[in-house]
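Chemist: Could you work out the structure for the sequence below:
(chains A and B)
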Amino acid sequence: MTTAKQSEPSEIELLLPWYAAGTLDARESQQVEAALASDPELAARYAWVHAELEQETHVSEAAGEPSARDVKTLFAKIDALPAQKSRTSIDLGARIAEFLTALSPRTLAWSAMAAALAIVLQAGFLAGFVLKEKSPGGFETASAPANVSGEGSYVLLRFQPQVTAADVANFLETNKLSIVGGPSTGGLYRVRVAPTKLAKADVMRIVNTLQDNKVVGFIAVTE
Amino acid sequence: MPTTSDEVLIGRIAKGDRLAMEEIYGRYRVPVYRFVLRMVRNPTIAEDLNSDVFLDVWRQAGTFEGRSAVSTWIFSIARFKALNALQRRPTEELNETADAIEDQADDPEVALAKKDKAAVLRACLLKLSAEHREIVNLVYYQHKSVEDVAGIVGIPEATVKTRMFYARKKLSELLTEQGIERGWP
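Modeler: So this is what the prediction gives:
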């Protein structure tokens, strides 16, 4: 075996483990197959790759499975957590903190200003959409709506992250929609699509129409 | 009956759906446990980490953006937990049961005396470094593509290939030490 060959394995040789595991795409698989057919030395080395895969599988499966204690521990921990809504808030905060700590001080300063402005703007415009729907004597926050289960037909909707206030306003006005609650877990808003209770098939038709709109990230029927 | 996709289940978990959580847990608890165990080499610690991994899945489902496959996301959480454990715990504690695991396969010398090359190979696989155990398990046992491994480990695809190559090279050296010369690598 020459040292020149040893220092630079060919691309085909690098792919042998994935070929053995069956995780190459069709084109790469064909390239490896052709190389193995024409190069007996490579084929001999591939036999070792296959042996490695078999023994790694043996070692991993000999490790057994987690005990029943594992599932009990998991769901006990889940039960000990606060409600889903607050978890999302905590996770969002953690993600923002993680993102900000990765930035340089100068970038951080600009980003913090921009983020603060974006949060204020988004909260402002979406709260405005919610509050506009309330009776003159009533008041509720965007994140904790009062009873919205009266007459009407509703969907759960998440906007695409890059949409602007103007996009949302135009979308709501054009389609005669009203945000009546949210955001809940996953940034979902409760949106009224009709002032009366429609048949589910009719609401589905509305959903199918709206889901093609560029501002919509996710939409589903809700009661 | 069609199987619900991982992505749909994660969306339901984000809304607090325990049944969806149980489904995801059922799909991944064993492969994730075996991956973590190969990293930390201590079943008790691996079990604790396993439940921590799925607790994070429950807590972070709302932040999953679908930029990678759900399995890639879950394995990257598992990897992070395992690496943290390796840094946090004394080596002796982590290796406490590793010895017991290795006993399942004979010591390389004993296996060689029995002329059992497969057993020698298993023993050498267990002696790889954490970095090499990780990639060998992801490729050979978890059947992760180059792209998947790059996503889980957080390295470029070219590095994935060369890291796997060097893991195999190290394996070859360990085999040579046991008197098995298999050529390159």
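Chemist: and residue A:193, that's in a helix?
Modeler: No: under DSSP: H, G, I helix; E, B strand; the rest coil, residue A:193 falls outside any helix and is assigned strand.
Chemist: Could you list the low-pLDDT ranges of the chain?
Modeler: Going with chain A. Within chain A, the ranges that satisfy pLDDT under 70 run A:1-7, A:83-150, A:161-165, A:183-188.
Chemist: that's the other chain; I wanted chain B
Modeler: Looking at chain B by pLDDT under 70, you get B:1-2, B:90-115, B:184-185.
Chemist: Got the phi and psi for residue A:24?
Modeler: Per-residue torsions, residue A:24: phi -90, psi 160 (degrees, to the nearest 10).
Chemist: For it, give its distance to chain B.
Modeler: Per Cβ to the nearest Cβ, to the nearest Å, residue A:24 is found 8 Å from chain B. Placement of C-beta: from N, CA and C, glycine included.
Chemist: so what's that residue closest to, chain neighbours aside?
Modeler: residue A:18 (5.0 Å; Cβ to Cβ, 6 or more residues apart in numbering or on different chains).
Chemist: what helix or strand does the spatially most central residue of chain B sit in?
Modeler: Against the mean C-alpha coordinate of chain B, by Cα atoms, centre = their mean, the closest residue is residue B:35 at 2.5 Å. Per DSSP states H and E: residue B:35 is located in helix B:18-40.
Chemist: how about that helix, does it reach chain A?
Modeler: Yes: contact between helix B:18-40 and chain A, assessed by Cβ under 8 Å from any Cβ of the partner chain, occurs at B:18, B:21, B:25, B:29-30, B:33-34, B:37-38.
Chemist: quick one, domains of chain A?
Modeler: Structural domains assigned to chain A are A:8-62, A:127-222, following automatic domain parsing.
Chemist: Turn the ones you listed into CSV, including mean neighbour count.
Modeler: Compiled in CSV, the domains of chain A are given as follows (neighbours: other Cβ atoms under 10 Å in any protein chain shown):
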stretch, mean neighbour count
domain A:8-62, 16
domain A:127-222, 15
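Chemist: coming back round to it: what residues sit buried inside the helix holding residue B:35?
Modeler: Judged by neighbour count using 16 or more other Cβ atoms under 10 Å in any protein chain shown, the buried positions of helix B:18-40 are B:20-25, B:27-40.
Chemist: tell me what it is packed against?
Modeler: helix A:40-62, helix A:68-80, helix B:6-14, helix B:43-60, helix B:70-88, helix B:130-136 (3 or more Cβ pairs under 8 Å, 6 or more residues apart in numbering or on different chains; DSSP states H and E).
Chemist: Export the ones you listed as CSV, with columns for distance to residue B:123.
Modeler: Putting these into CSV (distance: least, Cβ to Cβ, whole Å) gives the following:
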stretch, distance to residue B:123
helix A:40-62, 9
helix A:68-80, 28
helix B:6-14, 35
helix B:43-60, 18
helix B:70-88, 21
helix B:130-136, 13
